[in-house]
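Engineer: only geometry, no sequence info:
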């Protein structure tokens, strides 16, 4: 197993290879929930395009979404891939939760203790623990090692944790292994999240990984096994 203290060295090598990631757009809690729901299994560019269309044509306040027609919401959601009708309903369900449970003030979640804030966000459609943690990280509310699937795959292949049968167990194993090394500042963790995601999308891909081009292949357990 790779030493957890090597985590930031790996992130530094990724930054050297890909460049410093641009700052994440400032978004409200509800906007981040909507951003997760607006698309499914598409590129980041298509997700951004769908979200911009939603924001410009409908708006992102609860009342905007609840007054919109599901047909128009589905049209916008179709920019973000398959199952647009389902995702249109989820957008309105998110708006209802924000209005009825949080009285339209989702920013109040950000002052809650971490576990309570995460539990509150999991009430929204398609927001599990990783998604809730990402929202808390990207809003600067809680510094946590929020990972998505591409980053999880890359870190497991490097040897920071063993892969388990369930994704959630693998995710938690990585967080436990890196808990002391991750630190307590949001900005570096946001950059790490984005770099690891890009690395998993472009080089450390699920199928046909490009190990020969990998900037962190030295010491990588997966790359060594491929030889």
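Structural biologist: That came through fine. Note that this is a predicted model, so its numbers are computed, not measured. Numbering: from 1, shown residues only.
Engineer: Distance from the least confident helix or strand in the chain by mean pLDDT to the middle of the chain?
Structural biologist: The helix or strand of the chain with the lowest confidence, counting by mean pLDDT, DSSP states H and E, is helix 221-226 at a mean of 84. Put simply, helix 221-226 sits 26 Å off its chain's centre (Cα atoms, centre = their mean, to the nearest Å).
Engineer: So which elements touch that helix?
Structural biologist: Contact here means 3 or more Cβ pairs under 8 Å, 6 or more residues apart in numbering; DSSP states H and E; on that basis helix 221-226 packs against helix 149-158. In this view, the C-beta of every residue, glycine as well, is placed from N, C-alpha and C.
Engineer: Show me what secondary structure element comes after the helix it packs on.
Structural biologist: With elements assigned by DSSP states H and E, the helix or strand that comes after helix 149-158 is helix 167-182.
Engineer: Now do that next one, average pLDDT.
Structural biologist: The predicted model assigns helix 167-182 a mean pLDDT of 92.
Engineer: mind listing what's buried in that helix?
Structural biologist: Neighbour counts over helix 167-182 (16 or more other Cβ atoms under 10 Å) mark 170, 171, 173, 174, 175, 177, 178, 182 as buried.
Engineer: do the same with stretch 182-194
Structural biologist: Quick answer for stretch 182-194 (16+ other Cβ under 10 Å): 182, 186, 189, 190, 191, 192, 193, 194.
Engineer: Also stretch 150-164?
Structural biologist: Result for stretch 150-164 [16+ other Cβ under 10 Å]: buried residues 150, 151, 152, 153, 154, 155, 156, 157, 158, 159, 160, 161.
Engineer: Now do the contacts for the nearest residue to residue 155 once chain neighbours are set aside.
Structural biologist: Nearest in space to residue 155, with sequence neighbours left out and distances taken as Cβ to Cβ, 6 or more residues apart in numbering, is residue 174 at 5.5 Å. By Cβ atoms under 8 Å, 6 or more residues apart in numbering, the residues touching residue 174 are 145, 147, 152, 155, 156, 160, 161.
Engineer: Of these, just say which sits nearest to residue 58.
Structural biologist: residue 147 (30.4 Å; Cβ to Cβ).
Engineer: my read: that closest one touches residue 171, true?
Structural biologist: Yes: between residue 147 and residue 171 there is a contact under Cβ atoms under 8 Å: 6.4 Å.
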